[in-house]
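Visitor: pasting the structure only:
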Ligand SMILES: [Ca+2]
Ligand SMILES: [Ca+2]
């Protein structure tokens, strides 16, 4: 290739570059996606002895029976409320208690039964449906059973946990004057 041809090619390339730069003028348009926000929801459990009050905290004294005798019953419903904005996939309950087992007075007939074996949950209903795995269990058996999952609880929803406690007619003088302080723990899980 001689010098003239090389010079001509360089000139042509330069002309092409100028011409090309002059002709690139495409339309464009730009938009933005804004206000993309992220906020955490809430999972807020509440318990109450009355329905429909949208509780958010704990409750006391749902089931109270004093001066109980064999055959006695106590029926009440604890209302379990998901006051949050997120649905719960699990509603887990467990029972615990402190037993005060006093000596039967010498002035009455002797006995051998113990109160936590004599108190039974004869009816257990969650949202009106029997919880077969818990019904008929004594307090001692309920504690030993550990955690029971009652299932989902949607946001802004309340279900009743009805329990009828019965003092077994098999109870004897061994429980006279004894008492038990029961705690029912309820936990919502996402
Ligand atoms: Ca709460
Ligand atoms: Ca006793």
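Guide: Looks like it came in fine. From a predicted model like this one, the values you see are computed outputs, not experimental measurements. Ligands and ions are numbered 1, 2, ... in the order given.
Visitor: interface residues of this structure facing ligand 1?
Guide: For the chain, the contact set with ligand 1 under CB under 5 Å from the ion comprises 44, 45, 56. Bear in mind the C-beta positions are built from the backbone N, C-alpha and C, glycine included.
Visitor: at 6 Å instead, please
Guide: Proximity of the chain to ligand 1 (CB under 6 Å from the ion) is limited to residues 44, 45, 46, 56, 57.
Visitor: Name the residues of stretch 167-185 that are buried.
Guide: 167, 168, 171, 172, 174, 175, 176, 178, 180, 182, 184 (16 or more other CB atoms under 10 Å).
Visitor: Repeat that for stretch 78-85.
Guide: Residues of stretch 78-85 classed as buried: 78, 79, 80, 81, 82, 83, 84 (neighbour count, 16+ other CB under 10 Å).
Visitor: and the fourth one, what does it touch?
Guide: This points to residue 81. 45, 46, 47, 48, 54, 55, 56, 157, 158 (CB atoms under 8 Å, 6 or more residues apart in numbering).
Visitor: Show the pLDDT at residue 12.
Guide: For residue 12, the pLDDT comes out at 51.
Visitor: Kindly report the same for residue 178.
Guide: pLDDT, read off for residue 178, is 97.
Visitor: so what's it up against?
Guide: 99, 100, 101, 102, 114, 115.
Visitor: The fourth one - how many residues pack around it?
Guide: Yep, that's residue 102 we're talking about. By other CB atoms under 10 Å, the residues close to residue 102 number 11.
Visitor: Excluding covalently adjacent residues, which one is nearest to it?
Guide: Leaving aside its sequence neighbours, residue 102 sits nearest to residue 177 (CB to CB, 6 or more residues apart in numbering; 4.9 Å).
Visitor: before we move on, back to that, for residue 126, state which of the buried residues of stretch 78-85 is nearest.
Guide: residue 80 (8.5 Å; CB to CB).
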